[in-house]
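Engineer: Provided below are the primary sequence and the corresponding predicted coordinates.
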Amino acid sequence: DRVGVFHALWILGLAQAVSNLGYAAAAFVVPAAGDGAAPALAHRAVMYGASALESFTGGLGTAAFLAFLMAIVDKRRSATEYAVLSSVFALSRSVAGWAGGYGAAALGYGPYFLLTFFLAFPAFAFLPWVRHMLHYAAVQPEWGQGGGGPAEARIGGDE
């Protein structure tokens with residue numbers, strides 16, 4: 001809340017992108033186990049670490065994105081708008097997960113997760129639009145978004 005929704009989106013979005021490198025590293029470091037063979041403890045630790053990092057950053061990034069959705073909806077229709085926007089978000093995650101399976105099968109896990117790291121960066125081109133949306137929502141008097149200080153403080157300032 002102190003840094004604002006805008007800064008949280010780009011910082012936590014970057015953290016989510018970096019977390020994919022954990023899976024890429026695990027794919028390159030952990031050898032394929034034979035049938036019925038358990039991976040070595042060190043290799044399991046790499047996998048568990050990559051999974052924990054991705055879960056942690058994914059949760060934080062999702063929270064920032066949902067806060068963004070809450071900030072831009074018109075409070076007079078907030079339940080409907082938020083339900084629609086969060087449903088589209090959930091659907092896009094499901095489709096991306098489904099398509100990701102094909103991508104990992106086609107490229108292999110290491111190259112696939114390395115690619116996902118780089119594919120996260122075009123989304124950052126939308127950040128000026130996000131800032132504009134947050135500012136627009138904050139200055140709409142009839143939306144009931146007021147309170148909590150100046151609009152710039154709530155969206156993350158101009159730094």
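Structural biologist: It's in.

Engineer: elements contacting the host helix or strand of residue 83?
Structural biologist: Here residue 83, judged by DSSP states H and E, is contained in helix 78-107. Judged by 3 or more Cβ pairs under 8 Å, 6 or more residues apart in numbering; DSSP states H and E, helix 78-107 is in contact with helix 41-72, helix 109-119. C-betas here are computed from N, CA, C, even on glycine.

Engineer: what's the neighbour count on the residue nearest to residue 72 when sequence neighbours are not counted?
Structural biologist: Distances taken as Cβ to Cβ, 6 or more residues apart in numbering put residue 137 closest to residue 72, at 4.6 Å, once the chain neighbours are dropped. Other residues within reach of residue 137 by the criterion other Cβ atoms under 10 Å amount to 20.

Engineer: wouldn't residue 137 be in contact with residue 81 here?
Structural biologist: No. Using Cβ atoms under 8 Å, residue 137 is not in contact with residue 81; the gap is 10.8 Å.

Engineer: hey, what's in contact with both of these two?
Structural biologist: residue 73 (Cβ atoms under 8 Å, 6 or more residues apart in numbering).

Engineer: I'd like to know which of the helices and strands packed on helix 78-107 is closest to residue 26.
Structural biologist: When the helices and strands packed on helix 78-107 are compared by Cβ to Cβ, helix 41-72 sits nearest residue 26, at 4.5 Å.
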